[in-house]
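Enquirer: 3D model of this:
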Amino acid sequence: MPFSFDALRRRPDLEGPDLVAVDAADRLILDESADARAGLSEGALVVIGDTHGALTLAAADAGARGIRVHQDELLGEQALAANAAEAGLDSAFTSHPLDAALLAGARVVLLRLPRSLRALADIAGLIALHADPDVVVFAGGRLKHMTVTMNDVLRARFDRVDVSHARQKSRVLIARGPHDGGEPVPEAAEVDGIRVRAFGGAFAGASIDIGTRLLLAHLPEPRASEAIDLACGTGVVAAALAVRHPALRVLACDQSAIAVASARATAAANGVEDRVRVQRDDMLQAQADATASFIALNPPFHAGAAVADGLAPRMFADAARVLRAGGELWTVWNSALQYRPTLERVVGPTRQVARDRKFTVTVSTKR
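Expert: Numbering: from 1, shown residues only. This next block holds a predicted model:
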């Protein structure tokens, strides 16, 4: 099947009428960068933040090869791979971590602007440090998610930042002249006795959100020797469990590369990296059925910028698959979402453990 924007899908990510695989910002980035991309040598193009493959595959369809791609979310990587296979373009790119190998010698970078200014600063520092001195960065997004401060963040690492005309509520920032590059350094804080580390873009940064605080206040000692922190974010729950219970081993999972890097740094900062294993995974897909006795979860409820109520039930179902009979899923959730009937149906008997003005903590026992 030839490449077409109309053929792009989000799967295995959530799909729905308000969840798109390509938007006007993708198209504007491609149009603004078309001349710069023309005639590039193989391996000179880097794409960062491509949600489901529109930037990478359109560039490949125009002739680019050896494209290096970084997507924070694992589901984005999987969607890109599936879309590429259907378009016959799966050999045109390779996926990479956000590191020196991704950016070494890059001449053109296509970037979907992250919503976090610290994430943008981390990316800009890496580009300035490792890309070709003549690199041109085309950083675009939807106007509703952009701020003028993004220009300042780029100007801290580039001599010149130009701004495109707006089109269909989107805009592109064009950066040239990299200088003063640097590797990302996680934000650091100590909260309630836990040392938190967070790279730019990690949920809640170097703090502990109020839902997680409520969950931590009520988590018991797991009866087994192992526990799982599902959707671990910065790894606060995994680190706290390991600190509290010195014989416990914890698996921390998240599909975000930023979260995984942050959780590893948090575990190391608390001296428990030998007992906290951090893994990038789509929920618990790498775990076998009926192998866990204790799972803690603070589920997200956003897919990108959109509120998506299908995320948490998918996580409940995967946790139920991995739990042994009698195993427990400890969950904190916004009380307005009323997840208890879903937990009862998907996992098993569920009781309320705690509740404050906004959040509810429950424990569900696998049937």
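
Enquirer: Show me the domain layout of this structure.
Expert: According to automatic domain parsing, the chain comprises the domains 5-178, 187-365.

Enquirer: for the stretch 51-200 of the chain, what spans make up the helices?
Expert: According to DSSP state H, counting those that start in this stretch, the stretch 51-200 of the chain carries its helices in the segments 54-61, 74-87, 100-103, 117-130, 149-155.

Enquirer: In the last one, which of the residues would be classed as buried?
Expert: Spelled out, that is helix 149-155. Met150, Val153, Leu154 (16 or more other C-beta atoms under 10 Å). The C-beta positions use only the backbone N, C-alpha and C, and glycine is treated the same way.

Enquirer: and if you look at the first one?
Expert: By neighbour count with 16+ other C-beta under 10 Å, helix 54-61 contains the buried residues Ala54, Leu55, Thr56, Leu57, Ala58, Ala59, Ala60, Asp61.

Enquirer: and that helix with helix 74-87, angle?
Expert: Note on geometry: by axes from the mean of the first three to the mean of the last three C-alpha atoms, to 10 degrees, helix 54-61 and helix 74-87 are set 30 degrees apart in direction.

Enquirer: Does helix 54-61 pack against any helices or strands, and if so which?
Expert: Judged by 3 or more C-beta pairs under 8 Å, 6 or more residues apart in numbering; DSSP states H and E, helix 54-61 is in contact with helix 24-37, strand 45-48, strand 67-70, helix 74-87, strand 108-112.

Enquirer: Quick one, which of these gets closest to Ala217.
Expert: Proximity to Ala217 (C-beta to C-beta) singles out helix 74-87 among these, at 30.4 Å.

Enquirer: Of the helices and strands packed on helix 54-61, which stretch is the most buried?
Expert: Highest mean neighbour count of those: strand 45-48, a mean of 28 (counted as mean count of other C-beta atoms under 10 Å).

Enquirer: How far does that strand sit from its chain's centre?
Expert: Distance, stretch centre to chain centre, for strand 45-48: 17 Å (C-alpha atoms, centre = their mean, to the nearest Å).

Enquirer: Please apply the same query to stretch 255-273.
Expert: On C-alpha atoms, centre = their mean, the centre of stretch 255-273 falls 14 Å from the chain's centre.

Enquirer: what does that stretch rub up against?
Expert: 70-75, 97-98, 119, 186, 188, 194-203, 232-236, 238-239, 242-243, 250, 252, 254, 276, 278-283 (C-beta atoms under 8 Å, 6 or more residues apart in numbering).

Enquirer: And the pLDDT for Asp13?
Expert: Listed pLDDT for Asp13 reads 88.

Enquirer: Setting the sequence-adjacent residues aside, check what's closest to it.
Expert: Leu75 (4.1 Å; C-beta to C-beta, 6 or more residues apart in numbering).

Enquirer: now that neighbour: how far from Glu15?
Expert: 11 Å (C-beta to C-beta, to the nearest Å).

Enquirer: for Asp31, same thing?
Expert: Applying C-beta to C-beta to Asp31 and Glu15 gives a distance of 26 Å.

Enquirer: returning to that earlier point: Val136 is nearest to which of the helices of the stretch 51-200 of the chain?
Expert: Of all the helices of the stretch 51-200 of the chain, helix 117-130 sits nearest to Val136, with 10.3 Å by C-beta to C-beta.

Enquirer: what packs against that closest one?
Expert: helix 100-103, strand 136-142, helix 149-155, strand 170-178.

Enquirer: Please identify the most buried of the ones you listed.
Expert: strand 136-142 (a mean of 25).

Enquirer: ok, back up a step: next, format the helices of the stretch 51-200 of the chain as TSV and append mean pLDDT and distance to Gly182.
Expert: TSV is the format used below for those (pLDDT from 0 to 100; distance: least, C-beta to C-beta, whole Å):
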stretch	mean pLDDT	distance to Gly182
helix 54-61	98	25
helix 74-87	96	26
helix 100-103	98	12
helix 117-130	98	4
helix 149-155	98	13
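
Enquirer: In the protein, which strand is the longest?
Expert: Longest strand of the chain, by residue count under DSSP state E: strand 323-334.

Enquirer: got the buried residues for whatever helix or strand comes next after that strand?
Expert: Next in sequence after strand 323-334, counting helices and strands by DSSP states H and E, comes helix 340-346. The neighbour-count check on helix 340-346 (16+ other C-beta under 10 Å) flags Arg340, Thr342, Leu343, Val346 as buried.

Enquirer: can you check stretch 351-366 too?
Expert: Applying 16+ other C-beta under 10 Å to stretch 351-366 flags Val353, Phe359, Thr360, Val361, Thr362, Val363, Ser364, Lys366 as buried.

Enquirer: Report whether the fifth one is found in a strand, as I expect.
Expert: I take that to be Thr362. Yes - counting by DSSP: H, G, I helix; E, B strand; the rest coil, Thr362 is found in a strand.

Enquirer: Please renumber the chain so that the first residue is 14 from this point on.
Expert: Sounds good: first residue 14 from here, last item Thr375.

Enquirer: Check it and give its pLDDT.
Expert: On pLDDT, Thr375 comes in at 98.
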